[in-house]
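structural data only, the sequence is not supplied:
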């Protein structure tokens, strides 16, 4: 396809995802998700099931650091850091729990999840770290700015890197489309709008839907052009704007 529709960092916000998907044109736009489908929001299971079903219809879904943290907790429930407020894993686990489950311990809860949702867990384990298309490199966290081949970035950095990637011009040829770091932390005005680096070689999508005043962003990119169509959902409100990447790059 000549166009892609890209969504980042849903974090259990199913209703916002559904509203954003009303703007997706499946007949002409390849759908790409950049990870962090879960945690903090109350509908993580619904988001996972939705994204998985869309991948079965041809969408591409990457892994994020929150998927990796959840899988780590499933394998070792002693990893209680996942349940802290900073990660928000308790909301995800609660979304999985069913009334008929008799789970009194973390071990029993993890066992129930793996037994009742084996295909979903295996799907999460198999999610790729990055995707290439046209002049773009799609990833959850970012890339090592010193690597000419972005794919040679260490796997952990692909989902976790922040400051070094944000503040250092990278030498890879592609424009990097990423999530992970909420754009209110990157934009000078503190809003959840799209963040575009001065040279146009990095585009941050994570609008901080988990934050007060945050939003869920989706963008449409067209092969061979610098045009970006930005769809954003804040609460129940959907907006669409068109931007152009800077003509120069560095």
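Alright, I've got the coordinates. All figures in this text were calculated on a predicted structure; none of them were measured in a lab.

end-to-end on stretch 150-159?
13 Å (Cα to Cα, to the nearest Å).

check stretch 59-77 too.
31 Å.

now that stretch, how far from the centre of its chain.
Offset of stretch 59-77 from its chain centre (Cα atoms, centre = their mean, to the nearest Å): 12 Å.

give me the below-cutoff pLDDT ranges for the protein.
Along the chain, the parts satisfying pLDDT under 70 run over 248-250.

all helices of it, in order?
14-21, 44-55, 65-75, 89-96, 106-116, 118-125, 155-160, 163-167 (DSSP state H).

which residues touch residue 39?
11, 12, 66, 69, 70, 87, 88, 89, 91, 92 (Cβ atoms under 8 Å, 6 or more residues apart in numbering). Yep, even glycine has a C-beta here, placed from its N, CA and C like the rest.

how close does the residue located most distally from the centre of the chain get to residue 93?
Within the chain, the residue lying farthest from the chain centre (Cα atoms, centre = their mean) is residue 102, at 32.4 Å. Per Cβ to Cβ, to the nearest Å, residue 102 is found 15 Å from residue 93.

how about residue 128?
25 Å.

between those two, which one's more packed in?
Taking other Cβ atoms under 10 Å, residue 128 and residue 93 do not tie; residue 93 has more neighbours (24 against 13).

ok, and the closest non-adjacent residue to that one?
Nearest non-adjacent residue to residue 93, counting by Cβ to Cβ, 6 or more residues apart in numbering: residue 109, 6.2 Å away.

wait, the one you found touches residue 102, no?
No. Taking contacts as Cβ atoms under 8 Å, residue 109 lies outside contact range of residue 102: 10.4 Å.

dump the residue contacts of residue 88.
If a contact means Cβ under 8 Å, 6+ apart, then residue 88 has 11, 39, 40, 41, 210 as its contacts.

my error: substitute residue 60 in the last question.
Counting by Cβ under 8 Å, 6+ apart, residue 60 touches 30, 31, 32, 33, 128, 131, 138.

tell me what it is bridged to.
residue 32 (DSSP bridges).

state the distance from it to residue 6.
For residue 60 relative to residue 6 (Cβ to Cβ), the value is 9 Å.

again, but for residue 226
Residue 226 sits 15 Å away from residue 6, taking Cβ to Cβ as the criterion.

so for the two, which residue has more residues nearby?
Using other Cβ under 10 Å, the more surrounded residue of residue 226 and residue 6 is residue 6, with 25 against 14.

residues contacting that one?
Residue 6 neighbours (Cβ under 8 Å, 6+ apart): 32, 33, 34, 138, 177, 205, 218, 219, 220, 221.

and for the fifth one, the neighbour number?
Read it as residue 177. 23.
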